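Undergrad: Dropping a prediction and its sequence here:
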Amino acid sequence: MLIARAERTAEERVRRLTLTQKGHARLAAAAVHVQQLEDLLVEHAGPESTGTILAWLRSCADNLDQQPAVPSLDSTAV
């Protein structure tokens, strides 16, 4: 499992989701790949394009943060 339901406190109306140890490992591994992709894009772009690429990547990341979570195709992931 990548996520687990946390026990709610008396003040909370809903239970939170937390990353499991496997979830933290998967997230860390993904972060490495994302950074490698960003580094490749910046490395192969000319100086005039670097700012545009970094702005585009930040915009994509911001938009992804605002999107609802996409359920995994693997039903055992949750």
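TA: Structure's in. What do you need?
Undergrad: Can you tell me the SS state at the spatially most central residue of the chain?
TA: Geometric centre of the chain, nearest residue: Leu27, 6.7 Å, by C-alpha atoms, centre = their mean. At Leu27 the chain is in helix, as set by DSSP: H, G, I helix; E, B strand; the rest coil.
Undergrad: is it true that it touches Leu19?
TA: Yes. The pair Leu27 and Leu19 qualifies as a contact (C-beta atoms under 8 Å) at a distance of 6.5 Å. (Glycine included, C-beta is placed from N, CA and C.)
Undergrad: gap between the residue nearest to the centre of the chain and Gln21?
TA: 11 Å (C-beta to C-beta, to the nearest Å).
Undergrad: Check Ile3 too.
TA: Ile3 is 11 Å from Gln21, by C-beta to C-beta.
Undergrad: Pick out whichever of those two has more residues nearby.
TA: Ile3 (16 against 10; other C-beta atoms under 10 Å).
Undergrad: Which residue is the nearest non-sequential neighbour of that one?
TA: Nearest non-adjacent residue to Ile3, counting by C-beta to C-beta, 6 or more residues apart in numbering: Leu17, 4.8 Å away.
Undergrad: Now the phi/psi pair for the one you found, please.
TA: Backbone torsions for Leu17, taken as degrees, to the nearest 10, come to phi -100, psi 140.
Undergrad: cool, Glu11 as well?
TA: phi -80, psi -20.
Undergrad: next one: Gln36
TA: The phi/psi pair for Gln36 (degrees, to the nearest 10) is phi -60, psi -40.
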